[in-house]
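Asker: no sequence for this one, just the structure:
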């Protein structure tokens, strides 16, 4: 091989090596960015202290408070706030978490829905398999309950 040919080949190998190194560094940076964003994706979803900090108890009889359609949609991830009336605190909570009533959101399991039922004392918050009962419509546990269970559904 001539000296000129070896120098040309050496430059080509350096370019290929440089390109491969740049590609590996770029892929590594993308992987780190994905890992960082993925770790932030769940930030704030669960309150400090773990699952025990989420208010409410296990509950498997939503039909006591909901009709058949609502019971089916409960399993998709909706949160139902059942009360004898519609206290402003509940309306404000619904607006904050899912906006005004929207059948599309409800079908998708992404709605907080107010349900008026005569004879209900206080507020009963229902999520798939869970319930929270409180006398105060402004109870901060309602917001934690609804924010935690909204969109989670049954399974």
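Answerer: That came through, no problem. Everything numeric in this text was worked out from a predicted model, so none of it was measured. Numbering: from 1, shown residues only.
Asker: touching, residue 154 and residue 128? I think so.
Answerer: Yes: under the criterion of CB atoms under 8 Å, residue 154 makes contact with residue 128 at 3.9 Å. In short, each C-beta sits where N, CA and C put it, glycine included.
Asker: which of these two has more neighbours?
Answerer: residue 128 (21 against 11; other CB atoms under 10 Å).
Asker: next up, the contacts around the more buried one.
Answerer: 74, 75, 76, 77, 149, 152, 153, 154 (CB atoms under 8 Å, 6 or more residues apart in numbering).
Asker: scan these and report the most crowded one.
Answerer: residue 74 (25 neighbours).
Asker: and that one, backbone torsions?
Answerer: With angles defined as degrees, to the nearest 10, residue 74 sits at phi -60, psi -40.
Asker: what's the spacing between it and residue 25?
Answerer: 49 Å (CB to CB, to the nearest Å).
Asker: next secondary structure element downstream of the biggest helix by length in the chain?
Answerer: The residue-count maximum for a helix in the chain (DSSP state H) belongs to helix 3-41. For helix 3-41, the following helix or strand on the C-terminal side (DSSP states H and E) is strand 57-58.
Asker: make TSV out of the contacts of residue 128 and add secondary structure.
Answerer: Output for the contacts of residue 128, formatted as TSV (DSSP: H, G, I helix; E, B strand; the rest coil):
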residue	secondary structure
74	helix
75	coil
76	coil
77	coil
149	helix
152	coil
153	coil
154	coil
